[in-house]
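Asker: Fold the stuff below for me.
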Amino acid sequence: MQGHLAIVLHAHLPFVRHPEHERFLEENWLFEAITETYIPLIQVMDGWLNDGMDTRMTITLSPTLCSMLLDPLLQQRYERHLNRLVELSEKELYRTHWEPHYHELAQMYHQRFIAIRETYYGYGKNLVGAFRKFQEQGNLEIITTAATHALLPLMVDCPQSIRAQILVARDHYRSCFGRDPRGIWLPECAYVDGVEAILQEANIRWFIMDTHGVLHAKPRPRYGVFAPVFTPNGIAAFGRDLDSARQVWSRQEGYPGDANYRDFYRDVGFDLDLDYIKPFLPSPDHRGFTGVKYHRITNHGWEKLPYDRDIALETAAQHAQHFLDARIGQVGHLAQIMERPPLVLSPYDAELFGHWWYEGIEFLNFLIRKAYYDQQAFTLTTPNDYLRRYPTQQVATPSASSWGEEGYWRVWLNETNEWIYPHLQVAQERMTELVDKYPDATGLTERALKQAARELLLAQSSDWPFILRTGTSPDYARKRVKDHLLRFITFYEQLTITQIDETYLSHIESLDNIFPDVNYRYWA
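Answerer: From the prediction side, this is the model:
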């Protein structure tokens, strides 16, 4: 073998759970990702395992995502959502009876939703356990990220919060997977000098950066991004390969924009009569996505050609072959000029595959199978396996960076969201003040301190400033930040000025029930 390829999928969603409402629109973010990404990925990985394929892949399962996947309320609501999808597909079989092409697609959706439901029940509704199975079989490396996906460089003035984000994530990983994580996806691949000291405390051995974070390291890395570098304290930093990223992410060159693929935005939730589709909408009062879509991308306008599943799958196979050929050529070229086998690291958002790019899971399936059976230029690996195989690397200090717009923090710190950070700064300082005041709390005081910690963690999520920047659901993001900060302030005041209101505490514990065993002392 001339080199190695590491495919890394980053699966993360913000913590969205609203037991106070019977149906909540934003909970559909989770339900759509389960139906279109997580369960289909489990199905293809089961296929690899059943065929005896010794595959390697890496996936982040963020603590917020795992918490939602394991939550009984959300499991029940997802089951209800899935049953509605099956019911909708059954109705569509009748409605499209005299339209052969659409009827064929309705049959596809009906079979697909039933198969997804069977897989969900087959794993006892425990998708975290499903992924854990693949890790224990040796085919998958599961890594973590910060507890609520906080942008760590924007917290450098409060290292206690960075420490809490990482150590809470490590503790939660232990509870889910029975071991410590070896690697971490720094949220938004955002790195700033000093983070690795806390990673070392958590016994995390490696992290992923964007390309320029490694290329601008001091001293300059001898092998660029095609081998990791060790930070001065021995934590490995892996850089993203630009060529493989461009083939998937680029607006101009990326595969997901091919005209043969299913169009994401053209959905029966917008096309069909409101009275007919209303029971199946995420919110009964508003049109929205159902997940049943009958058109291909075609062009940038609203007029679309009908989706042809066979042509789409053929296109996905062609793109997988094109990606494979490009990696074979890339690895062959690098092997000639490097003194060691090169590593090509290809990280992507997991939800791109299946959810945004409907054929993305099939693309992955084709790619992994072709890489396993049809070539001998590179092996599939994981960063941890690579470090075990090549324990000696160059020492360098990476550059501050992220994979966001302009390579730094502009997406998460700009005129739309800058108001958040002064409030977070005060809350972070007050959390440390509370820990200093109650280092060994018990009973009701300990419960209030734990809930204050949860509210602060949830307010720190990078998802809220991101949503404010993109404008997708700004009112919801703004409300979430304010709600968590106000709840934190309430607990701070009860712990310092008045007395703890157990009725209020129990109510908030039932709403924001993430991290039941959170260690508030991490803010000391």
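Asker: care to break the chain down by domain?
Answerer: In terms of domains, the chain is parsed into 3-69+134-262+307-406, 413-523 (source: automatic domain parsing).
Asker: Deepest in the core, which of the ones you listed is it.
Answerer: Highest mean neighbour count among those (mean count of other CB atoms under 10 Å): domain 3-69+134-262+307-406, with a mean of 20. Quick note: C-beta positions are derived from backbone N, CA and C, even for glycine.
Asker: How confident was the prediction at the residue nearest to A11 when sequence neighbours are not counted?
Answerer: With sequence-adjacent residues excluded and distances taken as CB to CB, 6 or more residues apart in numbering, A11 is closest to A350, at 3.8 Å. Note on A350: pLDDT of 97.
Asker: and A350, what is it in contact with?
Answerer: Taking CB atoms under 8 Å, 6 or more residues apart in numbering as the contact definition, A350 lies against L9, H10, A11, H12, T37, Y38, L41, I59, T60.
Asker: Redo these as TSV? Include distance to Y386.
Answerer: Shown next, in TSV, are these (distance: CB to CB, whole Å):
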residue	distance to Y386
L9	17
H10	18
A11	21
H12	23
T37	26
Y38	26
L41	22
I59	16
T60	17
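Asker: Please tell me how far the residue nearest to A11 sits from G360.
Answerer: Using CB to CB, to the nearest Å, one obtains 9 Å as the distance from A350 to G360.
Asker: cool, S244 as well?
Answerer: According to CB to CB, S244 and G360 sit 14 Å apart.
Asker: ok, longest helix in this protein?
Answerer: In the chain, with assignment by DSSP state H, the single longest helix is helix 309-337.
Asker: Could I get the full set of strands for the chain?
Answerer: Taking DSSP state E to define them, one finds strands in the chain at 3-11, 57-61, 140-145, 183-185, 206-209, 229-230, 236-239, 343-349, 378-380.
Asker: circling back to that earlier point, take the domains of the chain and lay them out in JSON lines including distance to T298.
Answerer: JSON lines is the format used below for these (distance: least, CB to CB, whole Å):
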{"stretch": "domain 3-69+134-262+307-406", "distance to T298": "6"}
{"stretch": "domain 413-523", "distance to T298": "24"}
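Asker: And these: which comes nearest F289?
Answerer: F289 sits nearest to domain 3-69+134-262+307-406 of all the domains of the chain, at 7.1 Å, using CB to CB.
Asker: give the contact list for K370.
Answerer: A320, Q321, L324.
Asker: for those, which one is nearest M45?
Answerer: Nearest to M45 among the contacts of K370, with distances taken as CB to CB, is A320, at 16.1 Å.
Asker: now that closest one: how far from D483?
Answerer: A320 is 44 Å from D483, where distance means CB to CB.
Asker: Could you measure from the closest residue in space to T231 that isn't next to it in sequence over to F134?
Answerer: Leaving out its chain neighbours, the residue that sits closest to T231 by CB to CB, 6+ apart is E196, at 4.6 Å. Separation of E196 from F134 (CB to CB): 28 Å.
Asker: May I have the helix or strand bottoming out on mean pLDDT in the chain as CSV, with CA atoms only?
Answerer: In the chain, the helix or strand scored least confidently by mean pLDDT, DSSP states H and E is helix 242-249, which has a mean of 90. Coordinates of each C-alpha in helix 242-249 appear next as CSV, following Å, rounded to 0.1, in the frame of the first residue of the first chain:
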residue,chain,number,x,y,z
LEU,A,242,-8.4,20.3,0.4
ASP,A,243,-8.7,18.2,-2.8
SER,A,244,-11.1,15.6,-1.4
ALA,A,245,-13.0,18.4,0.4
ARG,A,246,-13.5,20.3,-2.8
GLN,A,247,-14.9,17.4,-4.6
VAL,A,248,-17.8,17.2,-2.1
TRP,A,249,-18.2,20.7,-0.7
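Asker: Just give the nearest non-adjacent residue to K125, would you?
Answerer: Excluding its sequence neighbours, the residue lying closest to K125 (CB to CB, 6+ apart) is Q75, at 4.7 Å.
Asker: what's the neighbour count on that neighbour?
Answerer: 18 (other CB atoms under 10 Å).
Asker: which residues touch stretch 238-258?
Answerer: Residues outside stretch 238-258 that contact it (CB under 8 Å, 6+ apart): 6, 189, 206-211, 213-215, 221, 224-226, 228, 297, 315, 319, 322-323, 326-327, 330, 343-348, 352, 356-357, 360, 363, 383, 403.
Asker: now with 6 Å?
Answerer: Here stretch 238-258 makes contact (CB atoms under 6 Å, 6 or more residues apart in numbering) with 208-211, 214, 225, 228, 315, 319, 323, 344-347, 357, 383.
Asker: now stretch 50-67
Answerer: Residues outside stretch 50-67 that contact it (CB under 6 Å, 6+ apart): 7-13, 15, 48, 128, 139-143, 145, 147-149, 169, 172, 176, 185, 368, 372, 380-382, 514.
Asker: Isn't E92 up against L105?
Answerer: No. The pair E92 and L105 does not pass the contact test of CB atoms under 6 Å, sitting 8.4 Å apart.
Asker: now the residue of the chain most remote from its centre: how far from F488?
Answerer: Farthest-out residue of the chain from its mean C-alpha position, per CA atoms, centre = their mean: W98, at 40.7 Å. For W98, the distance to F488 equals 58 Å [CB to CB].
Asker: Give me the buried stretch members for stretch 79-95, please.
Answerer: Buried positions in stretch 79-95, judged by neighbour count with 16 or more other CB atoms under 10 Å: H81, L82, R84, L85, V86, L88, S89, K91, E92, R95.
Asker: For that stretch, C-alpha coordinates in CSV please.
Answerer: This file holds the C-alpha atoms of stretch 79-95, laid out as CSV (Å, rounded to 0.1, in the frame of the first residue of the first chain):
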residue,chain,number,x,y,z
GLU,A,79,-41.5,6.7,16.6
ARG,A,80,-44.6,8.8,16.1
HIS,A,81,-42.9,10.8,13.3
LEU,A,82,-41.8,7.6,11.6
ASN,A,83,-45.3,6.1,11.7
ARG,A,84,-46.6,9.3,10.1
LEU,A,85,-44.1,8.9,7.3
VAL,A,86,-45.2,5.4,6.7
GLU,A,87,-48.9,6.6,6.7
LEU,A,88,-48.1,9.4,4.3
SER,A,89,-46.3,7.0,1.9
GLU,A,90,-49.3,4.7,2.0
LYS,A,91,-51.6,7.6,1.0
GLU,A,92,-49.2,8.5,-1.7
LEU,A,93,-49.5,5.0,-3.2
TYR,A,94,-53.2,5.7,-3.7
ARG,A,95,-52.9,9.3,-4.8
